[in-house]
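Engineer: Starting from these lines, generate the structure:
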Amino acid sequence: MLRTLDIILIAVMTTAATVTYSIKHQAENKLEEVRKLDAEIKLEEDTIDLLKADWALLTQPNRLNRLVGSFSEDLKLVPTESTQLAQPSELPMRVADLPPPEEDGGKGGKGGKNTAKIAKTDNSSDTDNISTGSVAD
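Structural biologist: Numbering: from 1, shown residues only. Got it, this is the predicted structure:
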């Protein structure tokens, strides 16, 4: 009986050692993945910092003024006037905000009347008569 108990204990200890080693190996693999991700994050953060510094250098007012002076004849740049700016209330309604077309109660077949109405609206050249100041009237 003593030998059977010894064999069972040896098998349990071997199984426990195998499970412990397996868990340790998985933990080491996960730690390596975390280190790789940390290195990638650090690289991305450094790249972002470098790009921000580059953007700050490129958008310096003195540099932009020199470029405007150099290319003013070619590009014909002029300052934006306050009348060229539109307020949000002056902008036309977005297509997504338009109310849905009304149903005519099944009259006229498969929406024939509504389809013609929509097509006329899409192809019309009427203006909305909103003065934005961006185009001379």
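Engineer: got any ranges where the chain has weak pLDDT?
Structural biologist: Counting by pLDDT under 70, the chain contains low-confidence ranges at 1, 104-137.
Engineer: which residue is nearest the middle of it?
Structural biologist: With distances taken as C-alpha atoms, centre = their mean, the chain has Ile48 as the residue nearest its mean C-alpha position (16.3 Å).
Engineer: host element of that residue?
Structural biologist: Element membership of Ile48, judged by DSSP states H and E, is helix 2-58.
Engineer: roughly how far apart are the residue nearest to the centre of the chain and Ile41?
Structural biologist: Note on Ile48: its distance to Ile41, by C-beta to C-beta, to the nearest Å, is 10 Å. Heads up, the C-betas are built off the backbone N, CA and C, glycines and all.
Engineer: can you check Glu103 too?
Structural biologist: For Glu103, the distance to Ile41 equals 55 Å [C-beta to C-beta].
Engineer: same thing with Thr83?
Structural biologist: For Thr83, the distance to Ile41 - C-beta to C-beta - is 48 Å.
Engineer: All good on my end, thank you.
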